[in-house]
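Colleague: test case, fold it:
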Amino acid sequence: MQKQKAVFLDRDGIINIDHGYVGHYHNFDYVEGVFDMIKHFVAQGFKPIIVTNQSGIARGYFTEADFLNLMKQVQDEFSEQGLPHIPVFYCPHHPEGNLSAYQVMCECRKPKPGMLLNAAKQYAIDLPNSIMIGDSWRDIEAGQAAGVKWCVYVSDKAPPSEADKSQVYLVNKLTDIPGSIE
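Modeller: Purely as a prediction, here's the structure:
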């Protein structure tokens, strides 16, 4: 099977405005330019994949069923916007969560690369030719740990001073992402 390149997308802050623990569609507001940005990468041959920490589940703010229902509605909107189905990998865990079933140290919670590695295995992703886009430095660290070639840090906050910023684009908003990343 031939491997394909992916654009890994954080959810809160990249797909939707991060209002904090968004677990229901009525609180879900799309970030300006997100549909066009995803269409651009799809046209360049990238498979979009969402990789998202969802500690609101571990904290008891919403259930996994709530999250999955919200993401089904997001997929419906992606379809209406002419986008392909976008797989979603999520981490419901947090070591300080309120629900003991989710109160674990795991390999999937970013900055660990577990979600990206699982997606790469499931979808035959060529990690060295893929991209990670996130609004938290832990997104960038997860991309780097997984071996993606380029990361895009979408934030008006500076990266940590000791952070590895090689092969990282620093932009303030999605519409600032360059048309070609290399």
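Colleague: so residue 129 versus residue 45, what's the distance?
Modeller: 10 Å (Cβ to Cβ, to the nearest Å). All C-beta atoms are positioned from the backbone trio N, CA, C, and that covers glycine.
Colleague: make that residue 92, sorry
Modeller: 31 Å.
Colleague: higher neighbour count, these two?
Modeller: residue 92 (22 against 10; other Cβ atoms under 10 Å).
Colleague: looks like the more buried one contacts residue 61 (just checking).
Modeller: No: Residue 92 is beyond contact range of residue 61, at 11.2 Å (criterion: Cβ atoms under 8 Å).
Colleague: ok, residues contacting stretch 74-83?
Modeller: Stretch 74-83 is touched from outside by 15-16, 25, 28, 30, 35, 38-39, 42, 48, 84-86, with contacts defined as Cβ atoms under 8 Å, 6 or more residues apart in numbering.
Colleague: give the rounded mean pLDDT of it.
Modeller: Averaging pLDDT along stretch 74-83 gives 98.
Colleague: and that stretch, what's buried?
Modeller: Buried residues in stretch 74-83, defined by neighbour count with 16 or more other Cβ atoms under 10 Å: 74, 75, 78, 83.
Colleague: going by distance to residue 138, which of those residues wins?
Modeller: The nearest member of these to residue 138, counting by Cβ to Cβ, is residue 74 at 21.7 Å.
Colleague: wait, residue 56 sits on residue 27?
Modeller: No: the pair residue 56 / residue 27 is not scored as a contact, 10.8 Å apart, by Cβ under 8 Å.
Colleague: so what sits opposite the closest residue to residue 167 other than its chain neighbours in the bridge?
Modeller: Leaving aside its sequence neighbours, residue 167 sits nearest to residue 150 (Cβ to Cβ, 6 or more residues apart in numbering; 5.4 Å). On the basis of DSSP bridges, residue 150 is bridged to residue 131.
Colleague: please, which helix or strand holds residue 52?
Modeller: Using DSSP states H and E, residue 52 sits within strand 47-53.
Colleague: for that strand, packing partners?
Modeller: If you count contacts as 3 or more Cβ pairs under 8 Å, 6 or more residues apart in numbering; DSSP states H and E, strand 47-53 packs onto strand 6-9, helix 34-43, strand 88-91, helix 114-123, helix 137-146.
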